[in-house]
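Undergrad: coords below, sequence missing:
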């Protein structure tokens, strides 16, 4: 035995004796805490001809912890709250229903105002629901709206909404979508940091970045800016073989998302909270499949 090896083994054995452990025992890493702990989905995914209360009861029975509404919406808020209170199903957040039709990046002040007014109502309604976030697509880049214009206009409009967010205590959570805007994690982080407010962060959609990146890279860069998680899948093979949008036509856990890696990345940044499915919904049988698939995603470590 070489002298260096002898000294190394002696030190290890001595240290083990001091702390009372077997020097030959394998050192294992502590288990990673499960970062996704509450299941939600979008209310529009429930395709059963039932009352709001019965839909809430259905979701509760299938193991969901919460549900998110679009806002503004046509539903009676008293009916929503009564269903929440009777079933215990939570309303963790809402989704702005105007950000595509009337984006904050539009050149038309009236269009931007429509989205801002919708955001104000969504923030107030979310507080009534007992939620914490309003999901917002920050802007859209297209032939008539340049990247720079979308960047400046949307940031300016979000800053105007901050007093309402402060009054309600509800967070503005920006989502990465196929809007030709904020398409890298470094840029997405910078965008939020320039607004520089604790009530403005990110609603990270795992599946939406698989077309051009890896979710774990986004998670690493966005870090504590992530407020909530949207769950969906994407298949690059389907994209190549069948077309760009066909990539979404794949069941949860059967696409290109490496869920154990995603969960480890989320755990590393200290995320612990909601995951909301945003996939094709359906009847009770379909919703049960979604719930079961989400259970598998949550446990994938």
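TA: Done, it's in. Because the structure is predicted, anything quoted here is derived from the model rather than measured.
Undergrad: which residues of the chain fall in helices?
TA: 3-19, 52-61, 77-87, 109-129, 147-168, 185-195, 215-222, 236-242, 259-268, 284-299 (DSSP state H).
Undergrad: I'd like to check which residues are in contact with the residue minimising distance to the centre of the chain.
TA: Nearest to the geometric centre of the chain sits residue 229, at 1.7 Å (C-alpha atoms, centre = their mean). Contact analysis of residue 229 by C-beta atoms under 8 Å, 6 or more residues apart in numbering lists 36, 203-206, 266, 271, 273-276. (Glycine included, C-beta is placed from N, CA and C.)
Undergrad: how close does it get to residue 186?
TA: 20 Å (C-beta to C-beta, to the nearest Å).
Undergrad: what of residue 259?
TA: For residue 259 relative to residue 186 (C-beta to C-beta), the value is 24 Å.
Undergrad: who's more crowded, those two?
TA: In terms of neighbours (other C-beta atoms under 10 Å), residue 259 is the more surrounded of residue 259 and residue 186; the figures are 21 against 11.
Undergrad: mind checking pLDDT for the closest residue to the more buried one other than its chain neighbours?
TA: Distances taken as C-beta to C-beta, 6 or more residues apart in numbering place residue 300 nearest to residue 259, at 3.8 Å, with adjacent residues excluded. The pLDDT attached to residue 300 in the predicted structure is 96.
Undergrad: what of residue 11?
TA: Reported pLDDT for residue 11: 41.
Undergrad: how far away is the closest residue to residue 272 other than its chain neighbours from residue 151?
TA: Nearest residue to residue 272, sequence neighbours excluded (C-beta to C-beta, 6+ apart): residue 35, at 5.6 Å. Distance of residue 35 to residue 151, given as C-beta to C-beta: 30 Å.
Undergrad: higher neighbour count, the two?
TA: residue 35 (22 against 19).
Undergrad: relative to residue 278, how far out is that one?
TA: 18 Å.
Undergrad: residue 217 too?
TA: 20 Å.
Undergrad: the more surrounded of the two?
TA: More neighbours surround residue 278 than the other of residue 217 and residue 278, with 21 against 14 (other C-beta under 10 Å).
Undergrad: which residues does the more buried one contact?
TA: Applying C-beta under 8 Å, 6+ apart, the residues near residue 278 are 41-42, 45, 205, 207, 230-232.
Undergrad: likewise for residue 274?
TA: 36-40, 65-66, 92-93, 228-229.
Undergrad: low-scoring pLDDT stretches of the stretch 1-150 of the chain, where are they?
TA: 1-32 (pLDDT under 70).
Undergrad: now do the stretch 201-301 of the chain
TA: If you take pLDDT under 70 as the line, the stretch 201-301 of the chain has no such spans.
Undergrad: same thing but 90
TA: 301 (pLDDT under 90).
Undergrad: quick one: the nearest residue to residue 234 once chain neighbours are set aside from residue 136, how far?
TA: Nearest residue to residue 234, sequence neighbours excluded (C-beta to C-beta, 6+ apart): residue 210, at 3.8 Å. As judged by C-beta to C-beta, residue 210 and residue 136 stand 22 Å apart.
Undergrad: touching stretch 96-115 from outside, list them.
TA: 70-73, 116, 118-119, 122, 134-141, 144-145, 149-150, 153-154, 157-158, 181.
Undergrad: ok, residue 55 touching residue 46?
TA: Yes - if you go by C-beta atoms under 8 Å, residue 55 and residue 46 touch, sitting 4.9 Å apart.
Undergrad: looking only at neighbour counts, state which of these two leads.
TA: residue 46 (23 against 20).
Undergrad: isn't the more buried one up against residue 56?
TA: No - look at residue 46 against residue 56 with C-beta under 8 Å: they stay out of range, at 9.1 Å.
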